[in-house]
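Sequence first, predicted coordinates after that:
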Amino acid sequence: MSLWSRVKAKLAGWFRRAPRAGHYVEGAAFAWRGWLATNPGVWPQRRYLLYVPAGASRLRPMPLVVLLHGCRQTPEEIARATRIAALADRLGSCVLLPRQADAANPYRCWNWFDGATASGRGEAAIVAAMMRKAMRWRRADTVRTAAIGISAGAALAATLGVRHGDRVRAVVSVAGIACGAASSPLTALSVMKRGPETDVATVGREAHDGADADARRVPLLAIQGRVDDVVAPRNAAALVRQFLARNGVDVPSGSESTLPDPDHARRESAIRGHGFALREWERDGTLAARLVEIDDLGHAWSGGDASLPFNDAAGPDATAMAGAFLELVWARALA
């Protein structure tokens, strides 16, 4: 894209009308801090879809949810698979769906393992810029925000929760990986198969200690299939450890899969073929992390549209679980 084309696109963005309720609109966002360490030749701009819920009013602030697709997916596919528009209409929330560029990753994976991204720059900074732009278009509530993702998208969602807690106030991870768990494509493959070898809880603890008072709590919902052969289930435990530390909860020393005793735990019988176990941890009576481990679920969105890749129609509905989690977290944030 030429310099003049970029200038015209920027001017068009300034004067573009806000999207209508009940519709998707396309856009793009740029961030000077968005250059990748592993692929510095890629222009730090990404496109996105923005959905505005039916019945939305510009006079009433509304939540903003970021939904990040996984590898070999598109925003259109994950929107359809998760039925996110129906959830957005119920919650009265805008949904931002970033689109990975083929030039940035040939498999359309988010570069969560990139050193710049893991530190909060790179693609994390680009998505944060998208959120700022969406908030200008629609009166967004800065407290009721969240990042949701699957696989590589979940790893980027975790990074947003750790590094941009002032903008992302809750995280939902499906088959995700902790922020800073890998530092290159090669180490990323190792982490996916075996879990992190570094103490990712330290990253969460440092983020908590360095955050402003109103950004120190970023609750997590982690959903993990027990038979996932792409992202090893032990990554979910490491992610929970990181977010417990991110929320100021003491975590025990030991391996990355060592978790403290939960405040609440229960076991559910099979729902459409898959049972699951749920554990919760709190800090001062407020939810810090919830881990849902689903039997017989592989690398997929539980309860999703099975006509699309990386979705399993069986099992509990991950979208419904995400909605219930966000309603709880947002209600407590506003209390």
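Perfect, I can see it now.

Going by C-alpha atoms from here, please, whenever you check contacts or count neighbours.
Noted.

So Tyr48: helix, strand or coil?
strand (DSSP: H, G, I helix; E, B strand; the rest coil).

next one: stretch 107-120 to chain centre, how far?
Centroid separation between stretch 107-120 and its chain, computed with CA atoms, centre = their mean, to the nearest Å, is 13 Å.

Just the residues contacting it, thanks.
34-38, 70-73, 100-102, 104-105, 122-125, 152-153, 155-156, 159-160, 163-164, 179-185, 188 (CA atoms under 8 Å, 6 or more residues apart in numbering).

Now do that stretch, average pLDDT.
Stretch 107-120 shows a mean pLDDT of 97.

So for it, what gets flagged as buried?
108-120 (16 or more other CA atoms under 10 Å).

Show only the entries of the contacts of stretch 107-120 found in helices.
Members of the contacts of stretch 107-120 lying in helices (criterion: DSSP state H): 122-125, 152-153, 155-156, 159-160, 163, 185, 188.

Please produce CSV containing those, extended by distance to Ala201.
Conversion of the ones in helices among the contacts of stretch 107-120 to CSV gives the following (distance: CA to CA, whole Å):
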residue, distance to Ala201
Gly122, 22
Glu123, 22
Ala124, 19
Ala125, 22
Ala152, 19
Gly153, 20
Ala155, 15
Leu156, 16
Thr159, 13
Leu160, 15
Arg163, 14
Pro185, 21
Ala188, 17
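
Which of these lies at the shortest distance from Ala277?
Ala155 (22.0 Å; CA to CA).

any weak-confidence spans in the stretch 101-250 of the chain?
Within the stretch 101-250 of the chain, the segments meeting pLDDT under 70 span 138.

Tell me which stretches of it form helices.
Applying DSSP state H, counting those that start in this stretch to the stretch 101-250 of the chain gives helices spanning 115-118, 122-137, 152-163, 185-194, 200-210, 234-246.

Highest mean neighbour count out of the ones you listed?
Most buried of the helices of the stretch 101-250 of the chain, by mean neighbour count (mean count of other CA atoms under 10 Å): helix 152-163, with a mean of 30.

Show me what it is packed up against.
When contacts are defined as 3 or more CA pairs under 8 Å, 6 or more residues apart in numbering; DSSP states H and E, helix 152-163 sits against strand 62-68, helix 122-137, strand 140-150, strand 171-174, helix 200-210.

quick one: the closest residue to Gln242 other than its chain neighbours and Ile294, what's the gap?
Leaving aside its sequence neighbours, Gln242 sits nearest to Ala201 (CA to CA, 6 or more residues apart in numbering; 4.0 Å). Using CA to CA, to the nearest Å, we find Ala201 at a distance of 24 Å from Ile294.
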